[in-house]
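Enquirer: I need the structure of the sequence given here:
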Amino acid sequence: MALPTAPKANILDPGVLHDIAEGNLRMTSEQAQCLYNEMSLPELGRWADKRCRALHGDSIRTYIVDRNINYTNICTAKCTFCAFRRDGHEDDAYTLEYDALLHKVQGIVDIGGTQILMQGGMNPDLPLAWYIDLLNLLRDKFPQVHIHAFSPPEVIEFVNFFDTPGSTLEDQVRWVLTKLQEAGLQSIPGGGGEIFAPAVREKIGLGKCNAEVWLTVMRVAHELGMNTSATMMFGHIEGVADRIHHMDLVRSWQDRSIEDFGLHGGGRYKAFISWPFQPDNSPLGRVKEWDASGTEPFPGDIVAKLDGSGTKAEHPEFGRRIRLAGSSTYLRTQAISRLFLDNIYSIGSSWVTMGPAIGQTALYYGANDLGSVMLEENVVSAAGTTWCLNEAKLCRMIRGAGFTPAKRDNCYDLLEVHDGENAPDKMITDWSAQDKDRLISHTTDCTTVSLTVNQ
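Expert: Numbers count the residues shown, from 1 in each chain. Next comes the predicted model:
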């Protein structure tokens with residue numbers, strides 16, 4: 001059952017915020033917008049941290065050892081923020097062969113990994129059998145590895161590419177996900193969330209499914225017992241109200257999943273992760289940046305509405321100016337997500353885009369999880385971000401923030417609490433040597449890039 005709200009309460013009142021932090025009261029969208037605009041960043045962080053501690057305690061913060069595998073960069077969508085996608089004719093367009101993919105999974109197993117996060121472009125040349133055979137191979141060779149794969153836009157393209165049976169979208173999605181689940185798919189990542197507001201999504205996500213469809217895929221996954229995550233990419237053409245509208249949709253659909261499936265073995269959103277847009281090498285990154293020193297309001301804020309009803313016609317410069325998000329905007333947005341998303345257990349820090357220092361600081365702004373060691377990452381790094389940390393460094397970051405690091409699984413159950421002298425970070429005697437290691441590898445470095453389809 002959803003928490004009660006107090007729409008007329010002053011959200012800046014410490015008593016009201018105490019009730020929210022303790023999980024006794026739900027914040028409204030209007031209150032979230034007020035809090036974002038009017039509360040100082042340090043104070044906002046304190047309340048987000050208080051909420052995080054109410055859920056996760058004062059001592060343990062987590063991470064996972066997994067590998068982000070991008071099996072193809074060929075994609076029919078033309079998202080303006082993406083520097084990773086290719087049409088298929090370019091020299092660096094690729095689809096990895098099974099042997100290359102199995103080799104990548106072996107690499108994460110060798111360092112104690114428990115999961116792969118597998119996503120790719122929406123490649124029309126790959127039949128359903130390619131995915132089914134791949135999942136069967138992975139499950140048979142690596143039964144101990146959790147397969148977290150195929151974001152909602154990929155699933156929707158499966159529906160479109162494979163002439164999927166079913167009289168409704170839900171039926172078609174259910175058919176596809178059931179096939180994938182039977183072959184070994186265990187959970188679905190929240191890729192492709194971007195911003196849900198139609199005015200924004202239609203500008204930056206050409207060829208990508210809309211919010212209703214994205215959320216429907218996740219609901220069907222929950223019905224089938226699969227957990228998922230939700231994401232948000234901000235700091236481009238959207239307004240602050242668009243971010244809150246995005247969170248509100250995630251929260252309301254989570255309510256529905258919990259109510260409809262929670263008592264019957266259903267899944268849910270286990271985590272929410274937000275990160276700022278990375279502009280380098282992307283078409284959207286070439287859009288002129290808004291001059292924050294002027295008196296004119298940002299066009300995205302003029303268009304943005306808390307109910308998502310804004311239209312591009314409301315400002316002639318909408319979509320023609322971007323407002324990049326720096327560290328303070330990132331921390332403010334993350335803190336709001338922790339306080340607003342009262343029905344989502346984990347909030348992830350995005351050190352991959354923000355760097356280790358802000359990633360660590362995010363642990364005081366509502367984040368309870370540092371995500372993955374990221375043995376490999378190709379999408380964000382294609383836009384110029386190449387931060388990389390191994391397990392020892394992640395543990396050191398968590399411990400340096402005053403917490404005890406713990407390795408977790410996809411369900412956020414603890415696998416190993418590093419409170420002894422054999423912890424990964426405590427085994428390091430020369431940290432300067434660690435700084436020489438580069439753990440992020442790029443798929444385009446691989447030699448096996450041709451397409452092989454097993455019938």
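
Enquirer: Residue 12 touches residue 37, doesn't it?
Expert: No. Counting by Cβ atoms under 8 Å, residue 12 stays clear of residue 37, with 10.7 Å between them. (Each C-beta comes from the backbone N, C-alpha and C, glycine too.)

Enquirer: Looking at the two, which has the bigger crowd around it?
Expert: Between residue 12 and residue 37, residue 12 has the larger neighbour count (other Cβ atoms under 10 Å), namely 13 against 9.

Enquirer: ok, the more buried one - contacts?
Expert: Counting by Cβ atoms under 8 Å, 6 or more residues apart in numbering, residue 12 touches 34-35, 38-39.

Enquirer: Farthest pair within those?
Expert: Greatest spatial distance in the contacts of residue 12: 34 and 39, 8.3 Å, computed using Cβ to Cβ.

Enquirer: Determine the three-state secondary structure at residue 194.
Expert: Following DSSP: H, G, I helix; E, B strand; the rest coil, residue 194 is assigned to coil.

Enquirer: do residue 118 as well
Expert: strand.

Enquirer: Run a quick neighbour tally on it.
Expert: The burial count for residue 118: 26, using other Cβ under 10 Å.

Enquirer: now it, nearest residue through space, not along the chain?
Expert: Closest residue to residue 118 apart from its sequence neighbours, by Cβ to Cβ, 6 or more residues apart in numbering: residue 149 at 3.8 Å.

Enquirer: What ranges does the stretch 301-450 of the chain have for its helices?
Expert: For the stretch 301-450 of the chain, helices defined by DSSP state H, counting those that start in this stretch occupy the ranges 327-340, 351-354, 356-361, 391-400, 431-434.

Enquirer: now do the stretch 1-150 of the chain
Expert: 14-21, 29-38, 41-56, 98-110, 128-141.

Enquirer: Can you say which of those helices is nearest to residue 287?
Expert: So among those, helix 29-38 is nearest, using Cβ to Cβ, at 23.5 Å.

Enquirer: Give me the phi and psi angles of the most centrally placed residue in the chain.
Expert: Centroid-nearest residue in the chain: residue 231, 3.7 Å away (criterion: Cα atoms, centre = their mean). Main-chain torsions, residue 231, degrees, to the nearest 10: phi -130, psi 170.

Enquirer: surely it meets residue 247?
Expert: No. At 11.2 Å, residue 231 does not count as touching residue 247 under the criterion of Cβ under 8 Å.

Enquirer: hang on, residue 354 packs against residue 360?
Expert: No. Look at residue 354 against residue 360 with Cβ under 8 Å: they stay out of range, at 9.7 Å.

Enquirer: can you give me the strands for the stretch 101-250 of the chain?
Expert: Under the criterion DSSP state E, counting those that start in this stretch, the stretch 101-250 of the chain carries strands at the ranges 115-119, 146-149, 187-188, 205-206, 227-234.

Enquirer: Mean pLDDT added to these, as a markdown table?
Expert: Shown next, in a markdown table, are the strands of the stretch 101-250 of the chain (pLDDT from 0 to 100):
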| stretch | mean pLDDT |
| --- | --- |
| strand 115-119 | 93 |
| strand 146-149 | 97 |
| strand 187-188 | 98 |
| strand 205-206 | 82 |
| strand 227-234 | 97 |
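
Enquirer: so which of those strands gets nearest residue 218?
Expert: Closest to residue 218 of those, according to Cβ to Cβ: strand 227-234, at 5.0 Å.

Enquirer: That closest one to helix 327-340, inter-axis angle?
Expert: 140 degrees (axes from the mean of the first three to the mean of the last three Cα atoms, to 10 degrees).

Enquirer: Can you check what angle separates strand 227-234 from strand 115-119?
Expert: Using the same axes, to 10 degrees: strand 227-234 against strand 115-119 is 50 degrees.

Enquirer: pull the CA atoms of strand 227-234 into PDB?
Expert: In PDB, the C-alpha atoms belonging to strand 227-234 read as follows (Å, rounded to 0.1, in the frame of the first residue of the first chain):
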ATOM      1  CA  ASN A 227      13.400  -7.800 -11.000                       C
ATOM      2  CA  THR A 228      14.500  -4.700 -13.000                       C
ATOM      3  CA  SER A 229      16.100  -1.400 -12.500                       C
ATOM      4  CA  ALA A 230      15.100   2.100 -13.600                       C
ATOM      5  CA  THR A 231      17.300   4.900 -14.900                       C
ATOM      6  CA  MET A 232      17.300   8.500 -15.800                       C
ATOM      7  CA  MET A 233      19.700  10.500 -17.900                       C
ATOM      8  CA  PHE A 234      19.400  14.200 -17.300                       C
END
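
Enquirer: how far out from the middle of the chain is it?
Expert: 4 Å (Cα atoms, centre = their mean, to the nearest Å).

Enquirer: same for that strand, what does it pack against?
Expert: Strand 227-234 is packed against strand 187-188, helix 211-223, helix 240-261, strand 269-276, with contacts defined by 3 or more Cβ pairs under 8 Å, 6 or more residues apart in numbering; DSSP states H and E.

Enquirer: so which of those is the most packed in?
Expert: Counting by mean count of other Cβ atoms under 10 Å, strand 187-188 has the highest mean neighbour count of the helices and strands packed on strand 227-234, with a mean of 25.

Enquirer: Residue 215 touches residue 253, doesn't it?
Expert: Yes. Here residue 215 reaches residue 253: they are 4.9 Å apart, a contact under Cβ under 8 Å.

Enquirer: So which of the contacts of residue 12 is the closest to residue 372?
Expert: Using Cβ to Cβ, the contacts of residue 12 come closest to residue 372 at residue 35, 29.9 Å.

Enquirer: In this protein, what helix or strand scores lowest on average pLDDT?
Expert: Evaluated with mean pLDDT, DSSP states H and E, the helix-and-strand set of the chain has its lowest mean pLDDT in strand 78-79, which scores a mean of 65.

Enquirer: Isn't residue 51 up against residue 337?
Expert: No. Look at residue 51 against residue 337 with Cβ under 8 Å: they stay out of range, at 10.4 Å.

Enquirer: Please identify which of the two sits among more neighbours.
Expert: Higher neighbour count among residue 51 and residue 337: residue 337, with 28 against 23, using other Cβ under 10 Å.

Enquirer: Show the contacting residues for the more buried one.
Expert: 232, 247, 272, 274, 347, 366.

Enquirer: rerun at 7 Å
Expert: When contacts are counted by Cβ atoms under 7 Å, 6 or more residues apart in numbering, residue 337 touches 247, 272, 274, 347, 366.

Enquirer: Give me the distance between residue 325 and residue 341.
Expert: Residue 325 sits 18 Å away from residue 341, going by Cβ to Cβ, to the nearest Å.

Enquirer: sorry, back to before: could you tell me which residues touch both of residue 51 and residue 337?
Expert: With Cβ under 7 Å, 6+ apart as the test, residue 51 and residue 337 both reach residue 366.
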